[in-house]
Structures are given as structure tokens and as C-alpha cells.
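Participant: Any chance you could fold what I've pasted below:
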Amino acid sequence: MIAIAFAALACEEKTALWIIPGSTANQLEFGVSHRRGGTKPIEFQILNVHTCPGASGQEVEYWVLVADSSAVPSARIRYGVPPPGYRSLMGPLSIDPGCYHAAIAGTGRLQFEVGADGRVLEQPFGGPSHDSLEATRHGVRG
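Facilitator: Here you go, the predicted structure:
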């Protein structure tokens, strides 16, 4: 059983996904490549953006981008704007303040926080959101 799990992980393509510096809620851009900060465009099958799981464990899908047969490799993706050969399967919804996860096919995934002022801050994947940190700091538990 463990060998099967390791075999599945070994098959996952190494990809990277990150927030392009200077991004805001209204001008959100992702970098995509085989390594963080890379400039070589890659082709990927899917990009998914959703809210971080809340106390109930539920996530809300904000944008699902999928490749068509004519997908062109990309190194940058602007939120809500499908690059050539891609189409929106769901959304995009307007990005509001809060915590989000984004992932592409392979190992590329990230967590980011959108502040009330529209600034976007990338965070360690799976780490606590700013809101949960603030609630804990003020003695409130979610």
C-alpha cells in the first residue's frame, strides 16, 4: 500500500506556481513553470483557485481553468483571463478579501491572502490565514 502511494507521488510532474510580485485583487497574476521564478513556459492541464477550507472544511471554487487540445505553454496567467488554448470551466468570481488556495497539475500549489486593501500576500501552503492568526491573537477561536 505504501509503495503504491510513493509510486503515485513519483509520477507527479514537478511544477511551480507563485504570485507575481505587485499583484493585487484586481490585477492578480500567477507565475507558472517547472521551478519557482522560472521563465520557461509550461503546458498544464488545469488551474484551480478556491477559498481555503473554512471551519466546516468547505471550499468555494473561484476559478477553474482547463486546457483544450490547442493549449499553448504559458509562464504567466492573469486571474480570470484564459491564455490561448485554455478556457474557463467555472468562474472567475471576483476576488474578495480572504484566504485562497491555487494549484496547477503537478506539484504547483500555493496559498495566498487578499487584504481589505486588495494587496495579495503569498503564504506557506496550508499555513494559517491572516484572519485566523488575528482571531487567535485576540483570543477568538474559529
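Participant: Please, where are all the strands along this structure?
Facilitator: 16-19, 29-33, 46-51, 61-67, 76-78, 86-90, 98-104, 109-114, 120-123 (DSSP state E).
Participant: in the third one, what counts as buried?
Facilitator: Spelled out, that is strand 46-51. Going by neighbour count (16 or more other CB atoms under 10 Å), the buried part of strand 46-51 is 47-51. In this view, the C-beta of every residue, glycine as well, is placed from N, C-alpha and C.
Participant: Nearest to Y79 among the residues you listed?
Facilitator: Minimum distance to Y79 across the buried residues of strand 46-51 is 7.0 Å, recorded for V49 (CB to CB).
Participant: what residue is smack in the middle of this structure?
Facilitator: Nearest to the mean C-alpha position of the chain, by CA atoms, centre = their mean, lies A102 at 1.4 Å.
Participant: tell me the two of the buried residues of strand 46-51 that are most distant?
Facilitator: Greatest spatial distance in these: L47 and T51, 15.4 Å, computed using CB to CB.
Participant: so the residue nearest to the centre of the chain touches E122, yeah?
Facilitator: No - A102 is beyond contact range of E122, at 9.8 Å (criterion: CB atoms under 8 Å).
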